[in-house]
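Visitor: Dropping a prediction and its sequence here:
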Amino acid sequence: MDWAGVELVDGSFVAANARGAEIPVGVFRATRTCGCKVAAAIPSEFVFFEALDLPPQARRAPEKYLDGLFDVKLPVDVDECKTVFQANGPDSFCAFAVRRADYLRFVEAFRAAAGCSPEVVLPLPLVLWTASLDAVGPVAARTVLFLDATGPTWTLLGGTGASLRAVASIAQGDLAAVRRNLAIMAKSLGGADARIVVFGAGGAIVEGLRDAVPGAEVSAVERRKTFVAAALASLGKSFRGRSGGFADGEDEHPALARRVARRRLACLAMPVLAASLFLAASARYKMRAASARRSAEAELGWVVDRLAGRPTGMRGSAAALAMALNEFDARVDPTVGRFAAGEPLDALRTLFAFASARNMQVASVVFDGRKLEILLRAESENDVGALLAALVAEDFDVSSEAMEAGTWKVAVRVRDGSPNGDGDAQSGKGGGDAEEQ
């Protein structure tokens, strides 16, 4: 089933899909039993907002800095709140917070009205901003000010182009407060050519705002019944698999948690399947090698050069065949034997276990007989460093190379020596492979 956005209205609700089509109450309750996913918006009066511009040192890993940057601007402790961060242009984020007590009261009220718990809960200002931009069309780099004049609390939004920069909650009908906030926002945004759009208000309100910002264009746009619900359904799709917005962490919806777990399991299963296919191919290759050796014993001619992998100048003798077979084994058996001996498999087990715990994705695994090369994606360089430390702790010789953003190549070298662990293989990871670095 598709996503449904649900807006609470006077103790009841309005539901719609992402295309803006209203879902009747009876149909909504029926589709919920078929797996319809629900997104809701917590009212603006409960939401704290800040536009965060990242300092240069935070731009490579913004997730490490967002909570701290937001905490210094919040009037309450960030630890008492649930937060949502949304990209807001280059090196900028919209930061929203709601007290957890207010969040829990909202979810309880939603459950009482709609008969279910939402999987995604978003701040109403974010939803209104998305819906308003969709309603008015492209705004380029112009200063835009949106007023949603419906409900007991009006919401005023200000931004430049598609970037949300200011939010204010105003009591219903308080035009003086609206005018004051419009002037403040327009000045802070540098909006000499501002556009003010009012949703859900009559002509008297629009006329009362004509001179609030000198030179600004003021217009009214009809607020459709599904204005908020349709935007919620669309945003719910974009948040799925990332988070449930405010419905995250200990308050995460069980259905969303199950989908995320299945997705992560699938990501881990693919490299395991690839490794299994590699093992099967290696076994088939070894069987073909044995067949080639049996054929060589009967032919003894030109097969000698093919087995040796080079022109030998020797033809038709048992000594030539023995020499060619030895060179063939030196080229083929280490690759298959070393993998079957277990050391590469041990490294893969450590890698997959660590990747699962740190939400890392393994894109490919290649083994050339001397080393494993693993291409993986990670959220931060610290996670890759921790993985290398875990492999080194198990006595593996490892190195890493940063590829494109968020992608690393990790090399794990195996011990020299025969596949059964005799000889130099028991003496560590020195020798030829280490010198190739």
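Guide: Nice, I can see it.

Visitor: list the contacts for the nearest residue in space to residue 66 that is not next to it in sequence?
Guide: For residue 66, ignoring the flanking residues on the chain, the nearest one in space by Cβ to Cβ, 6 or more residues apart in numbering is residue 85 at 5.1 Å. For every residue, glycine as well, the C-beta is placed using N, CA and C. Counting by Cβ atoms under 8 Å, 6 or more residues apart in numbering, residue 85 touches 52, 66, 70, 93-96.

Visitor: So which of the residues you listed are in helices?
Guide: Residues from these lying in helices, with DSSP state H as the criterion: 66, 70.

Visitor: Would you mind giving me the PyMOL syntax to select the buried ones in the contacts of residue 85?
Guide: In PyMOL, a selection of the buried entries from the contacts of residue 85 looks like this (16 or more other Cβ atoms under 10 Å):
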select buried, resi 52+66+70+93+94+95+96
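
Visitor: Make CSV from the contacts of residue 85 and add distance to residue 138 and pLDDT to it.
Guide: Output for these, formatted as CSV (distance: Cβ to Cβ, whole Å; pLDDT from 0 to 100):
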residue, distance to residue 138, pLDDT
52, 25, 92
66, 29, 89
70, 30, 91
93, 23, 93
94, 20, 93
95, 26, 94
96, 25, 95
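
Visitor: How many residues are close by residue 2?
Guide: Per other Cβ atoms under 10 Å, the neighbour tally for residue 2 reads 14.

Visitor: List the contacts of it.
Guide: So residue 2 contacts 17-18, 36-37, 233 (Cβ under 8 Å, 6+ apart).

Visitor: any weak-confidence spans in the stretch 101-250 of the chain?
Guide: Counting by pLDDT under 70, the stretch 101-250 of the chain has low-confidence residues at 191-192, 240-244, 249-250.

Visitor: Wait, a strand at the residue nearest to residue 66?
Guide: Yes. Counting by DSSP: H, G, I helix; E, B strand; the rest coil, residue 85 falls inside a strand.

Visitor: got a pLDDT number for it?
Guide: The pLDDT attached to residue 85 in the predicted structure is 91.

Visitor: can you check residue 253 too?
Guide: If you check residue 253, the pLDDT there is 48.

Visitor: can you count the residues close to residue 198?
Guide: 24.

Visitor: ditto for the one 3 residues further on
Guide: Applying other Cβ under 10 Å, we find 19 other residues in the vicinity of residue 201.

Visitor: picking up where we left off before, export the contacts of residue 85 to TSV and append columns for distance to residue 404.
Guide: Compiled in TSV, those are given as follows (distance: Cβ to Cβ, whole Å):
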residue	distance to residue 404
52	26
66	23
70	29
93	23
94	27
95	28
96	31
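
Visitor: and of the contacts of residue 85, the nearest to residue 384?
Guide: residue 66 (21.1 Å; Cβ to Cβ).

Visitor: My read is that the closest one contacts residue 94, right?
Guide: No. Counting by Cβ atoms under 8 Å, residue 66 stays clear of residue 94, with 10.5 Å between them.

Visitor: circling back to that earlier point, relative to residue 123, how far out is the residue nearest to residue 66?
Guide: As for residue 85, its distance to residue 123 is 11 Å (criterion: Cβ to Cβ, to the nearest Å).

Visitor: Now for those two: what residues contact both?
Guide: By Cβ under 8 Å, 6+ apart, residue 85 and residue 123 have these common neighbours: residue 96.

Visitor: three-state assignment of residue 404?
Guide: Secondary structure, three-state DSSP: residue 404 is coil.

Visitor: who touches the closest residue to residue 403 other than its chain neighbours in this structure?
Guide: Sequence neighbours aside, residue 409 is the residue nearest to residue 403 in space, at 5.8 Å (criterion: Cβ to Cβ, 6+ apart). Taking Cβ under 8 Å, 6+ apart, we find residue 409 in contact with 373-375, 400-401, 403.

Visitor: just the contacts of residue 2 now: which is nearest residue 278?
Guide: residue 37 (37.8 Å).

Visitor: Show me what the closest one is bridged to.
Guide: residue 3 (DSSP bridges).

Visitor: pretty sure it is touching residue 3, no?
Guide: Yes. The pair residue 37 / residue 3 is scored as a contact, 4.8 Å apart, by Cβ under 8 Å.

Visitor: rewinding a little: next, format the contacts of residue 2 as CSV and append neighbour count and distance to residue 118.
Guide: Listed next are those as CSV, based on neighbours: other Cβ atoms under 10 Å; distance: Cβ to Cβ, whole Å:
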residue, neighbour count, distance to residue 118
17, 20, 15
18, 20, 15
36, 20, 11
37, 21, 9
233, 27, 11
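
Visitor: can you tell me which two in these are farthest apart?
Guide: Top of the distance list for those (Cβ to Cβ): 18 and 36, 12.2 Å.

Visitor: what sits in contact with each of the two?
Guide: With Cβ under 8 Å, 6+ apart, residue 18 and residue 36 have common neighbours 2-3.

Visitor: List the strands paired with the helix or strand in which the residue nearest to residue 403 is found, with their directions.
Guide: In this assignment (DSSP states H and E), residue 409 forms part of strand 407-413. If you go by DSSP bridges, strand 407-413 pairs up with strand 371-377 (antiparallel), strand 397-402 (antiparallel).

Visitor: of all the ones you listed, which gets the most neighbours per residue?
Guide: Comparing these by mean neighbour count (mean count of other Cβ atoms under 10 Å), strand 371-377 ranks first with a mean of 20.

Visitor: could I have the next helix or strand after that strand exported to CSV, CA atoms only?
Guide: Proceeding N to C from strand 371-377, the next assigned helix or strand is helix 381-393, under DSSP H and E. Extracted in CSV, the C-alpha atoms of helix 381-393 (Å, rounded to 0.1, in the frame of the first residue of the first chain):
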residue,chain,number,x,y,z
GLU,A,381,36.0,7.7,8.3
ASN,A,382,36.0,6.9,12.0
ASP,A,383,33.9,3.8,11.3
VAL,A,384,36.5,2.6,8.7
GLY,A,385,39.3,3.3,11.1
ALA,A,386,37.5,1.2,13.8
LEU,A,387,37.1,-1.6,11.2
LEU,A,388,40.8,-1.6,10.4
ALA,A,389,41.6,-1.6,14.1
ALA,A,390,39.3,-4.7,14.6
LEU,A,391,41.1,-6.5,11.7
VAL,A,392,44.6,-5.6,13.0
ALA,A,393,43.6,-6.9,16.5
